[in-house]
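J.: Return a 3D structure for these sequence lines:
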Amino acid sequence: MQRYPTDTLWDELTFLAFHLGWSLDDLLDLEHHDRRRLVARVAALDARQRVAPTGAPRPMPSPAFPATSNR
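T.: Residues are numbered from 1 along each chain as shown. Below is the predicted model of the structure:
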């Protein structure tokens, strides 16, 4: 069995805690594929929120999570 990279896990947990306000215990209770799905969807919503009405992105950095499979 391959371990999930610890730094990646903490990046995901921090991102979700920041955007959703969930506790660490709640986030750790999520299954891996559910957590990855939430990260992808919250990141998509975050990206849409940062786009100005003219279509020009606001100068605000976004956490980068590489696209990975659900495994």
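J.: Excluding chain neighbours, give the residue nearest to V42 in space.
T.: Nearest residue to V42, sequence neighbours excluded (CB to CB, 6 or more residues apart in numbering): H19, at 4.9 Å. Any C-beta I mention is one placed from the backbone N, CA and C, and that applies to glycine too.
J.: wait, doesn't the one you found sit right on D46?
T.: Yes: here H19 lies in contact with D46, judged by CB atoms under 8 Å, at a distance of 6.6 Å.
J.: most centrally placed residue in the chain?
T.: Nearest to the geometric centre of the chain sits V39, at 2.9 Å (CA atoms, centre = their mean).
J.: just the strands in this protein please.
T.: Taking DSSP state E as the criterion, the chain carries no strands.
J.: Give me the residue ranges of it where confidence is low.
T.: Applying pLDDT under 70 to the chain flags residues 52-71.
J.: Select the longest helix from it.
T.: Scanning the chain for the longest helix, with DSSP state H as the assignment, gives helix 32-49.
J.: got the buried residues for that helix?
T.: Residues R35, R36, L38, V39, V42, A43 are the ones in helix 32-49 that count as buried (16 or more other CB atoms under 10 Å).
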